[in-house]
Each structure stands twice: as structure tokens, then as C-alpha cells.
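Colleague: here is a sequence with its predicted model. Questions after.
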Amino acid sequence: MENASFSPVSRVAICGGTHGNEMTGIYVVREMQRQEADQTGSVSITTVISNPRAVEVCRRYTETDLNRCFTKALLSSPITDSTPYEVRRAQEINALLGPKESQEAVDLLCDLHNTTANMGMCLIFYSLDWLTLHIYKYIQSKMTSAPVRAMLLSLPKSEAYSLESVGKHGFTIEVGPQPHGVLRADIFNMAKEAVDHTIEWLHKFNSGSTFEEGEVEAYTVVKSVDYPRDPTTNEITATIHPELQDNDFKLLQPGDPMFLSFSGETVKYEGEDLHPLFINECAYYEKKIAFHLAKIITVTLPFISVKKD
Amino acid sequence: MSSFNSIASLEEARRVAIFGGTHGNEMSGVTLVNLWVKNGAEIQRKGVETKPFITNPKAVEKCARYVDTDLNRAFTPENLSAPRGDNQPYEVQRAQEINRIFGPKGSPDAYDVIFDLHNTTSNMGCTLILESSKDHFNLQMMNYIKKAIAPSSCLVLLNEHPLLKYSTSRSIAKHPVGLEVGPQPQGVLRSNIFEAMRVILKHALDFIELFNEGMEFPSCTVEVFRVLERIDYPRDANGNIIAMVHPNLQDCDWEPLNPGDPMFQTFDGKTIRFQGSGTVYPTFINEAAYYEKQQAFVTTRRESLVASSIRKV
């Protein structure tokens, strides 16, 4: 496989509070601001609380989900009096850290999130980017106390709707399980460690270290499953089955229990062998998602190094 | 002190209410009550009128704890006696309405028993909340429930503290019973938590039916955890929290906390230790809703209460 080289990654943005009730990112960003960690060696760091109004009221969003507002269309839509707050805020963030797909955009954007699902540490990528996947490989090798996994969604840049697509490179650090509105020390420590390793890797990369080719596994979402619902009221009529609850990433096979109805019936899974993710994420009830189903792919990463002028 | 030999003769419990959605994002109670409003067969018992009721429908609609103010703190004498008016916070109006339907609080017309269903993000398991150490009916009910679900456990939290006690929605009834089951994130419905709450209510209603039929419940001892004090997060001069519940304390509800044990961890990794004078039993550790109430956890001490023998009049 051909070697790849990239320009130095000298401008990084660390974002928290993209969802105002996902506490880890908010406090990691605040702590970094308190420590005034804005320049370390070759890397300059900008920290941003993405959705301050939502953080203020400890809600996911005030009018619309900020993390769906970064499509090319929404970023260039005209602002009127009826434009939701989050669409305006996305355009502000794009001006600050972008513009998306331009030379001025930050080199790397890391967005910190929490989930109520038992996903541990999961990095989310929106494209096959050798640089960020090498960062994932590095974090995985350094954080050995719990599994570190990767989730890959493949979207062309212009259709990418989430915040990290504003940077030239970007990924989301998703950590769970943590209830929304709660700050757990163990989850905070994990997320902070992942951010520290990311910055460490950037220093190494920028100073000329090379990174060997290798393979990483990633989960790519194939489809999503909604809760059983009452056809007239649309209310859910079952919960995630106790044998599926908290078993994110564990292979789900046909015949395995999936939902338990309020009247005690088990609904079993039918379909191909797949891995469930985001099982029982609070914010996804309104998006009609009980869990995603993913297959594992193996990605071969090339040898990478920094481009020398 | 009650005499071990005398039997307390109490009125039958004819009117029972089950409240869900007092906090609109605590999903077990919301789901159970909605289920029972549609089909109440499961909660029917001979000789008892059981009414399931969503106390804070606007908060349930928004999937928020409350709209204007915490309903479960709103049943104060001031609020309940204030003149009706649209300018009142939504929850104050609700409290007045609920007091009309299920009260008036403190009067002979009030409902006999109200079960108020709650969830917590804390690792409290199944907890029954008692508001008075002298409510022998409730003590006997809680003893019955504990025995019925054994070996699964159900602990009793007694909040009789003059300053920390608060005016709950269930306090309208002659016998208020809080049911708190966790851990469950707000807005999430977990099967194990939902079923645990359902089972406890089943046993509670069975107890009421047996009592009303004339069964005598002999004197018994009930272990309770009595609320001592509220411990807040360490904060800076601007009121921002500067530390988190320590990993060693997180999820350790009901386990002994000794002087010198880790209690909080600062964001840069330092440990802050518990400085109390003796061992306490912490609970409500890291409840999401309590950040704004300046509470990281409450401390309790273990006590044994004696419940008189009871029989219906």
C-alpha cells in the first residue's frame, strides 16, 4: 500500500457541549480553559463550548439538534427571524473554526459526546481518513483498561451533518454509559486521557515521527431498528430486552431476544448476524431508533508521515 | 415508644393512588401509570379503589423534570392555601389541583395511601421512602414488601429531617410512600428497572388487600437509613463545581463511607477525602437532578425501627 503524507496538524479544536446535557465534554473543555492549554509545542488548541444556550438549561438542544446543522445547505442558508438558534450557532462555529472545506478551517476538530448506551470509549469517523484512523490506533494502543472502538459512517463531506466535519480532519469521541445531566469521574478521566493522547500523537506526527501501516477494525452501520409502537398513539409498547440491554457491540443473531413488551412477550431478532450499537440511547427515542446494527470491517492503514516542505 | 403487646387499630385503606410523572423524565412511573390508566386490571384489589394518575403531564410531554418548578417540592402549606391564579407557576397550580382531587392534605378526606413512582440516576436499587418513623401502617407495608421480594433487596430511606424534609406530592395522603428505583438515566426506560418497580407495587397492593380483609400484622423490626445531612460538591467562588464524585464513591450507595475515604476527585486528578466524625451510609450519590439543589449525595445512619402490631378497626 502506498505511503501517505499529510500537512502538519498545527491547529486543533476541542469541542464540548454540542449537546448541552452531555457533561463530560463541557467539563473537559472548561478544565482545559482553566489550565490555559492553548499552545503546547507545535499544536495550538482552541476550546469551544458549542451550544452554550443548551448547556445553560442542561438540555440536548433548545430548538433543533446542533449536531445535525453542519450540512453545506444549512451552513449557507440565509438567516431570518425564524431561523432556529442552533442553525445560527452552527454558522457562527463554521466562521470560527471553518469555513468547512476551505483552507482556513482548523486542521483537526475533536467533538466530545456522551451516550446513555454502554459503548465505553468509541471514536466516530465520517469517512476513511488515514490520519484520524492512525490517531484511533494510537489511542487504542495506549488506553488498555477498557476497549476503545471505532464506528464509521461514510458520508461525502458536503452531506456530513455533524460538527467535526468543519475541520479538515475530524472525529467524535463518544463515551458511555453516562446519564445525561450527570458527570461521572471515571468517564471524565477516560475522555480527558483520549484527548491528551490525541495531542501527544499530533506532537509526534508534526515533529516527524512516522506511523507504521497496520489494520484496524471498525463498525459500520447497516441499519437501525425502532421500538415496537402502538399504531394509533405511536407510543412505544416494549423496552429493550434485558438480555440485549448494555450489550453494545456483542453479536446479535436471529432468535436472540430483542424487546420485552409491557405485557411480557419477548420479540426476537430476525435478520443477519450484526452488532448492535447505541442500545437505548435516550436522545434517539425521538429519532425512532432503539439501536443501530453494524458489521465489522477491517481497514488497512498505510504508513503515514508529515509532509516536509 | 410503643408497647410491644398492644395492637394499633387503624382505618382500612380504601382509597389508594399511584402517581407517575411527578418528574416528567422519570420513565418507569410514567410508563406504568399510562399502562394502568388504559388497563387497570393489574392494580385492582378487592375492597380498594386504586387510581393511577399522571401528576405533571406538561413535564411528561416535554420529557423534562419540571416546567417551572419542581412539583415534588411544591406541596407546601403556603402553595396549597394560596389563591388560585393563572400567574402561578404551572406546578403550583398542579399542586393545588392535586390537593383538591386527592386531599385536602391533613384532612380526613385525604386519600389513605399514595405511591409516588420515581427513578434516580444513582445506584440505589429499589428504595422505599418513608416520611415518618411513627407511621406503623407504612412500616408494616415496607416490612411486608421486603420479605416478599427477598432475596432481592429493597431498602428503606427515612427522611424525617426537619430541614431536609420536603413537601412531596405524596405528602397529601395519610400514608405517603415514595418508590425510588435506579440507576436509570432520565428519559430512558430500562426493562429491569421497570419490572422491579412493577413487582414492588404488586406486593404493596397485596398488603393493603390483606390488611383490609382483617389480617393482623404482628410487631416487627424494620431496618431504615435515616437522612442526616446533604453534602454538596466543592465549588469555586463563582459557584461552579470544582470536583466530581470520586470513582471509589460513585455507585456505592448504601455502602459505609468512613472518615478519610475518597469522596471527590478534582478535574486535575486530586482526591478530596470525607472528613466526618464517624461512618455514614451515603445515598442519592450523583443524582442528575440534584446538581442544581447543591447536593452530591446525602449521608444516612442505620436504625432499627419497631412497628407496632396492626389490624384494621
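Modeller: Sure thing, it's come through.

Colleague: report how many residues lie close to residue A:46.
Modeller: 15 (other CB atoms under 10 Å in any protein chain shown). C-betas here are computed from N, CA, C, even on glycine.

Colleague: that one - nearest residue in space that isn't next to it in sequence?
Modeller: With sequence-adjacent residues excluded and distances taken as CB to CB, 6 or more residues apart in numbering or on different chains, residue A:46 is closest to residue A:13, at 4.6 Å.

Colleague: residues near residue B:37, how many?
Modeller: 14.

Colleague: thinking again about what came up before, local confidence estimate at the residue nearest to residue A:46?
Modeller: Looking at residue A:13, its pLDDT is 98.

Colleague: what strands flank the host helix or strand of it, and is each parallel or antiparallel?
Modeller: Element membership for residue A:13, per DSSP states H and E: strand A:11-16. Sheet pairing of strand A:11-16 (DSSP bridges) gives strand A:43-49 (parallel), strand A:108-114 (parallel).

Colleague: gap between the two ends of stretch A:298-309?
Modeller: From its first residue to its last, stretch A:298-309 covers 33 Å (CA to CA, to the nearest Å).

Colleague: how far away from the center of its chain is it?
Modeller: 22 Å (CA atoms, centre = their mean, to the nearest Å).

Colleague: same check, this time on stretch A:256-270
Modeller: 29 Å.

Colleague: which residues in the stretch 1-150 of chain A form helices?
Modeller: Counting by DSSP state H, counting those that start in this stretch, one finds helices in the stretch 1-150 of chain A at the ranges A:23-34, A:52-57, A:72-75, A:85-97, A:130-142.

Colleague: hey, C-alpha coordinates of the shortest one in CSV?
Modeller: Right, the one you point to is helix A:72-75. The C-alpha trace of helix A:72-75 is given here as CSV (Å, rounded to 0.1, in the frame of the first residue of the first chain):
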residue,chain,number,x,y,z
LYS,A,72,-23.4,22.6,3.3
ALA,A,73,-27.0,23.6,2.8
LEU,A,74,-27.7,24.6,6.4
LEU,A,75,-24.3,26.4,6.7
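
Colleague: what sits against residue A:152?
Modeller: Counting by CB atoms under 8 Å, 6 or more residues apart in numbering or on different chains, residue A:152 touches A:124-126, A:128, A:218-220, A:297, A:299.

Colleague: could you rerun that using 7 Å?
Modeller: Counting by CB atoms under 7 Å, 6 or more residues apart in numbering or on different chains, residue A:152 makes contact with A:125, A:218-220.

Colleague: how about these in JSON lines, adding neighbour count, distance to chain B and secondary structure?
Modeller: Listed next are these as JSON lines, based on neighbours: other CB atoms under 10 Å in any protein chain shown; distance: CB to the nearest CB, whole Å; DSSP: H, G, I helix; E, B strand; the rest coil:
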{"residue": "A:125", "neighbour count": "23", "distance to chain B": "26", "secondary structure": "strand"}
{"residue": "A:218", "neighbour count": "21", "distance to chain B": "27", "secondary structure": "strand"}
{"residue": "A:219", "neighbour count": "24", "distance to chain B": "22", "secondary structure": "strand"}
{"residue": "A:220", "neighbour count": "17", "distance to chain B": "26", "secondary structure": "strand"}
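
Colleague: the longest helix belonging to chain A versus strand A:11-16: what angle between them?
Modeller: Ordering each helix of chain A by length in residues (DSSP state H) puts helix A:185-206 first. Orientation of helix A:185-206 against strand A:11-16 (axes from the mean of the first three to the mean of the last three CA atoms, to 10 degrees) gives an angle of 170 degrees.

Colleague: just to revisit the earlier point, closest to chain B out of the helices of the stretch 1-150 of chain A?
Modeller: Closest to chain B of these is helix A:23-34 (CB to the nearest CB; 4.1 Å).

Colleague: tell me the residues of chain A that contact chain B?
Modeller: A:27, A:31, A:116, A:179-186, A:188, A:239-242, A:245, A:260, A:262, A:280, A:282 (CB under 7 Å from any CB of the partner chain).

Colleague: what would the helices of the stretch 1-150 of chain A look like in CSV with distance to residue B:32 and mean pLDDT?
Modeller: Listed next are these as CSV, based on distance: least, CB to CB, whole Å; pLDDT from 0 to 100:
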stretch, distance to residue B:32, mean pLDDT
helix A:23-34, 28, 97
helix A:52-57, 28, 97
helix A:72-75, 40, 95
helix A:85-97, 34, 98
helix A:130-142, 42, 97
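
Colleague: any idea of the pLDDT on residue B:86?
Modeller: Here the pLDDT value assigned to residue B:86 is 85.

Colleague: what's the helix or strand for it?
Modeller: Secondary structure (DSSP H and E) places residue B:86 outside all helices and strands.

Colleague: how about it: what's its closest non-neighbour residue?
Modeller: In space, and not counting its chain neighbours, residue B:86 is closest to residue B:93: 7.7 Å by CB to CB, 6+ apart.

Colleague: that's a helix at the one you found, yeah?
Modeller: Yes. Assessed with DSSP: H, G, I helix; E, B strand; the rest coil, residue B:93 lies in a helix.

Colleague: for burial, what's the neighbour tally of it?
Modeller: Residue B:93 has 18 nearby residues by other CB under 10 Å.

Colleague: and residue B:237, by the same measure?
Modeller: Residue B:237: 5 surrounding residues under other CB under 10 Å.

Colleague: what's the helix or strand for it?
Modeller: For residue B:237, there is no helix or strand it lies in under DSSP H and E.

Colleague: which one of the helices of the stretch 1-150 of chain A lies nearest to residue B:101?
Modeller: Across the helices of the stretch 1-150 of chain A, residue B:101 has its closest neighbour in helix A:52-57 (30.9 Å, CB to CB).

Colleague: dump that closest one to PDB, restricted to CA.
Modeller: The C-alpha trace of helix A:52-57 is given here as PDB (Å, rounded to 0.1, in the frame of the first residue of the first chain):
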ATOM      1  CA  PRO A  52     -23.900  27.500  25.400                       C
ATOM      2  CA  ARG A  53     -27.700  28.000  25.500                       C
ATOM      3  CA  ALA A  54     -28.400  24.300  25.700                       C
ATOM      4  CA  VAL A  55     -25.600  23.900  28.300                       C
ATOM      5  CA  GLU A  56     -27.200  26.700  30.400                       C
ATOM      6  CA  VAL A  57     -30.500  24.800  30.600                       C
END
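
Colleague: ok, and the closest non-adjacent residue to residue 74?
Modeller: All of this is about chain A. Once flanking residues are discounted, residue A:74 sits nearest to residue A:87: 5.7 Å by CB to CB, 6+ apart.

Colleague: that's the other chain; I wanted chain B
Modeller: Residue B:74 sits nearest to residue B:95 (CB to CB, 6+ apart), 4.2 Å away.

Colleague: that neighbour contacts residue B:81, correct?
Modeller: No. Using CB atoms under 7 Å, residue B:95 is not in contact with residue B:81, being 10.9 Å away.

Colleague: higher neighbour count, these two?
Modeller: Counted by other CB under 10 Å, residue B:95 and residue B:81 do not tie: residue B:95 has more neighbours, with 29 against 10.

Colleague: which residues sit in contact with that one?
Modeller: With CB under 7 Å, 6+ apart, residue B:95 has these contacts: B:71, B:74-75, B:79-80.

Colleague: same question for residue A:147.
Modeller: residue A:120.

Colleague: so which elements touch the longest helix of chain A?
Modeller: Applying 3 or more CB pairs under 7 Å, 6 or more residues apart in numbering or on different chains; DSSP states H and E, one finds that helix A:185-206 makes contact with helix A:23-34, strand A:43-49, strand A:108-114, helix A:130-142, strand A:169-176, strand B:243-245.
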